[in-house]
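Colleague: quick one, what's the 3D model for this:
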Amino acid sequence: MAEIPESVRAILRPYLEQVKKLFGDVIEAVILYGSAAGGEYLPGKSNVNLLVLLAKQDTELLKQYAALHKRWQKEQIVVPLFLTQAELKSSLELFPLEYLEIQDQHVLLAGRDPFPELRIDLKNLSTQCEQELRGNLLRLRQRFVEGGAGTEAITILLPLSFTALMPCLRGLLRAKERPVERSADGVLQGVEKEFGIDTAVFQDVLNLKRGIISPGPAEAPRLFDRYATMLQTLIEKLGRS
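Modeller: This is a model prediction of the structure:
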């Protein structure tokens with residue numbers, strides 16, 4: 001667990017014990033992915049994402065896990081992806097973005113790691129990235145209105161949107177067969193170079209997420225507008241390519 005932040009390790013040790021006890025021989029692998037496995041983890045802000053590979057799907061075991069999870073969701077552990085080997089392999093073409101993210105940044109916690117031998121086809125990657133970007137922008141506008149368009153809503157929404165944006169940006173670089181940096185800063189530099197857009201506003205939202213900046217009532221709406229406009233610009237550029 002050398003790559004995992006100590007605060008996450010402390011959570012995962014007892015969590016893994018309980019999960020192994022519950023699922024027993026049905027577990028084939030437990031895999032940590034996302035920010036806690038990739039160096040961008042922010043204590044108190046980032047979620048802990050897990051994939052649990054099962055020998056078979058068992059509704060009764062999932063029901064028992066649901067009761068167990070009530071305790072662990074307080075520790076920022078989100079409900080894992082529960083998959084069988086067959087489901088994983090049969091869905092590679094449908095969800096290339098998600099699986100490439102896991103393949104690139106994950107830590108095996110238990111069992112046998114299936115990702116080194118997986119071959120993920122990139123043919124649908126650009127299309128999925130564009131779909132995700134459009135969905136991100138639509139959700140951002142909806143939640144902006146739902147939140148009353150205020151400063152508090154903006155400072156919550158923008159980091160959430162950016163978190164969902166980063167896998168898409170990495171996916172776009174992968175689709176172009178370009179090197180992909182692990183750090184968010186490196187990804188933004190790669191996107192700026194590859195697509196010829198100014199990613200300064202994305203960097204500003206990243207700094208907001210990291211707690212480096214805290215826009216006030218005057219600046220927050222401008223930051224929101226700049227961010228939404230740049231998302232739209234990137235989507236239009238992809239549509240023309």
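Colleague: would you map out the domains in the chain?
Modeller: The record's domain split for the chain, according to automatic domain parsing, is 6-117, 125-240.
Colleague: quick one: terminal-to-terminal distance for the longest one?
Modeller: Right, domain 125-240. One end of domain 125-240 to the other measures 16 Å (CA to CA, to the nearest Å).
Colleague: need the domains of the chain in TSV (columns: mean pLDDT).
Modeller: As requested, the domains of the chain are exported to TSV (pLDDT from 0 to 100):
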stretch	mean pLDDT
domain 6-117	95
domain 125-240	95
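Colleague: now the ones you listed in TSV, with mean neighbour count?
Modeller: Any C-beta I mention is one placed from the backbone N, CA and C, and that applies to glycine too. What follows is the domains of the chain, written out as TSV (neighbours: other CB atoms under 10 Å):
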stretch	mean neighbour count
domain 6-117	16
domain 125-240	16
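Colleague: where exactly do the helices run in this protein?
Modeller: For the chain, the helices defined by DSSP state H cover 6-23, 35-38, 59-72, 85-90, 96-104, 125-146, 151-175, 184-195, 200-209, 219-240.
Colleague: between those helices, which gets nearest to L53?
Modeller: Closest approach to L53 among these is made by helix 85-90 (6.6 Å; CB to CB).
Colleague: which secondary structure elements does that closest one contact?
Modeller: With contacts taken as 3 or more CB pairs under 8 Å, 6 or more residues apart in numbering; DSSP states H and E, helix 85-90 sits against no other helix or strand.
Colleague: contacts for that helix?
Modeller: E28, L53, A55, Y99, P114, L118 (CB atoms under 8 Å, 6 or more residues apart in numbering).
Colleague: no further queries at this time; thank you.
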